[in-house]
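Trainee: when you get a sec, could you give me coordinates for this:
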Amino acid sequence: MTGPAISGHVDGAALSLVWVAPLVGLLLSIAILPLAAPRLWHRHYGKVAAFWALLLLVPFALAEGPEAVASEAIHAAALEYVPFVILLFALFTISGGVLVRGNIHGSPAVNTGLLAIGTLLASVIGTTGASMVLIRPLIRANDGRRRNAHVVVFFIFLVSNIGGSLTPLGDPPLFLGFLQGVDFFWTTRHVAFETAILVAILLPLFYLLDRWFFAREEPSKPRDPTPDSTVGLSGLRNLPLLAGVIGAILLSGLWNPGVSFDLYGTRVPLQAVARDVALVALALISLAITPTEYRERNGFEWEPIVEVAKLFAGIFATLIPAILILKAGLDGAAAPLVALVSDEAGAPRPAMYFWLTGLLSSILDNAPTYLVFFNLAGGNAAELMTAKAHTLAAISGGAVFMGALTYIGNAPNFMVLAIARNRGVAMPSFFGYMAWSWGVLAPCFALVTWATFL
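Mentor: Prediction:
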């Protein structure tokens, strides 16, 4: 099916870095306002995101033409933002109907086991799904301990980020790569070694650290607010729905009827529309068939996914000029950055792709940053999966792994933080968390670089 063709297009080579200022402003707002003005931020974060988005889009349209900017914005929304939010919504909603009943004692061995299970689940039901299913039982298991923030911090490292590195279901950037044409099991084959290195280091390290904190708990600590009880699983009817999410994603990659819809110059394939409709339907079915009691006992609420949707709308909008500039390569304002990821002969440097993708992922969010470097490396999925496989592995690993460096590096990080604070866990501040993440993860990432990308 076709519609009116739109010829407008913004030339990234002609754009100044000034257009990136609204993106920087939004990211600084996300980092600073929750600490400096928490009440203002909680009530108005959507307006803050809208302010920065409009601060870009209005003058951008005046300078480049409304048709061209509308075409770029619709392209980003239809092919990237909307599928991204729908997948998160489906996993968040369905996993929120799975209730882990009862409580176990949060000993070092038990906590390490829960982190290991969550890490394995993350690539099957997504970092969002695994995080939402396990974070509340993990907090309950440790709510009688005086020092428990480190448990949630390592949970973010492993379950909300690193564990999701093996499939497009695992982490949003890999899902966006799948939408660009990367095979479903490509990262399973090409990033498993790097993932294994990190898990092999972080799980034993967590066990030793948790054992150290556990041994120093005060004998006269207050009574455990949720005493140990038999553990069980309710909401099992949601498990086939999670399987349905996997099936919908797989089908959209295998089925190509050759039909697409023209949305103001953006070609939206029928299989993408069918996938998104299926994901929304599965989420609605979960809401219909899951007893309200299960969600209430889970502490399920819509605020985390609403916050992610609003903030990411602003991020995807303000990211448009940055992507266009990077697509321009050596002809654009980001030429010095482009030069860093290539050697004198123009060949890619996987180690630089790993670190630059990762570092920017930690402050730009890893999903849109993955797209930036995917395009910077050529944007051709067939070539990146074969001739440039090492480069794509570096981009994939950097985006997924280093999303753990900040609270804003990956959508589930935000959700876990909100739930933990709501349950009374004294979580580190934005910069306090970075002290943890850099102290623990940076040496691990350096080892991965040395072992695989040099």
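
Trainee: surely Gly163 and Ile125 touch.
Mentor: No. The pair Gly163 and Ile125 does not pass the contact test of CB atoms under 8 Å, sitting 10.5 Å apart. (C-beta placed from N, C-alpha, C; glycine too.)

Trainee: ok, those two, which is more surrounded?
Mentor: Gly163 (29 against 24; other CB atoms under 10 Å).

Trainee: which non-adjacent residue is nearest that one?
Mentor: Distance criterion CB to CB, 6 or more residues apart in numbering; nearest residue to Gly163, sequence neighbours excluded, is Ala122 at 3.1 Å.

Trainee: please give the element, helix or strand, for the one you found.
Mentor: Under the criterion of DSSP states H and E, Ala122 resides in helix 108-141.

Trainee: wait, the residue nearest to Gly163 touches Val133, no?
Mentor: No. Using CB under 8 Å, Ala122 is not in contact with Val133, being 10.2 Å away.

Trainee: tell me the phi and psi of Ala418?
Mentor: Main-chain torsions, Ala418, degrees, to the nearest 10: phi -60, psi -40.

Trainee: that one: neighbour count?
Mentor: Applying other CB under 10 Å, we find 18 residues neighbouring Ala418.

Trainee: do the same with the one 4 residues further on
Mentor: Burial of Asn422, expressed as a neighbour count using other CB under 10 Å, amounts to 13.

Trainee: residues contacting the spatially closest residue to it that is not a sequence neighbour?
Mentor: Excluding its sequence neighbours, the residue lying closest to Asn422 (CB to CB, 6+ apart) is Gly299, at 7.4 Å. For Gly299, the contacting residues are Arg136, Ile419, Asn422, Arg423, by CB atoms under 8 Å, 6 or more residues apart in numbering.

Trainee: buried sites along stretch 106-124?
Mentor: Under the neighbour-count criterion of 16 or more other CB atoms under 10 Å, stretch 106-124 has 106, 108, 111-112, 114-116, 118-119, 121-124 buried.

Trainee: and Pro168, that's in a strand?
Mentor: No. If the criterion is DSSP: H, G, I helix; E, B strand; the rest coil, then Pro168 is coil and not within a strand.

Trainee: if I look at it, how far off is Ile325?
Mentor: Distance of Pro168 to Ile325, given as CB to CB, to the nearest Å: 27 Å.

Trainee: kindly report the same for Arg145.
Mentor: Distance of Arg145 to Ile325, given as CB to CB: 48 Å.

Trainee: which of those two has more neighbours?
Mentor: Ile325 (26 against 20).

Trainee: right, and that one touches Leu23 too?
Mentor: No. Using CB under 8 Å, Ile325 is not in contact with Leu23; the gap is 11.0 Å.

Trainee: low pLDDT regions in this protein?
Mentor: Along the chain, segments meeting pLDDT under 70 span 1-8, 102-103, 218-230, 364-365.

Trainee: Ala53 reaches Pro321, doesn't it?
Mentor: No. Judged on CB under 8 Å, Ala53 makes no contact with Pro321 at a distance of 12.0 Å.

Trainee: the two: which is more packed in?
Mentor: Pro321 (26 against 21).

Trainee: show me the residues around the closest residue to Thr357 other than its chain neighbours that make contact.
Mentor: Distances taken as CB to CB, 6+ apart put Gly398 closest to Thr357, at 3.5 Å, once the chain neighbours are dropped. By CB under 8 Å, 6+ apart, the residues touching Gly398 are Tyr353, Phe354, Trp355, Leu356, Thr357, Gly358, Ser361, Phe373.
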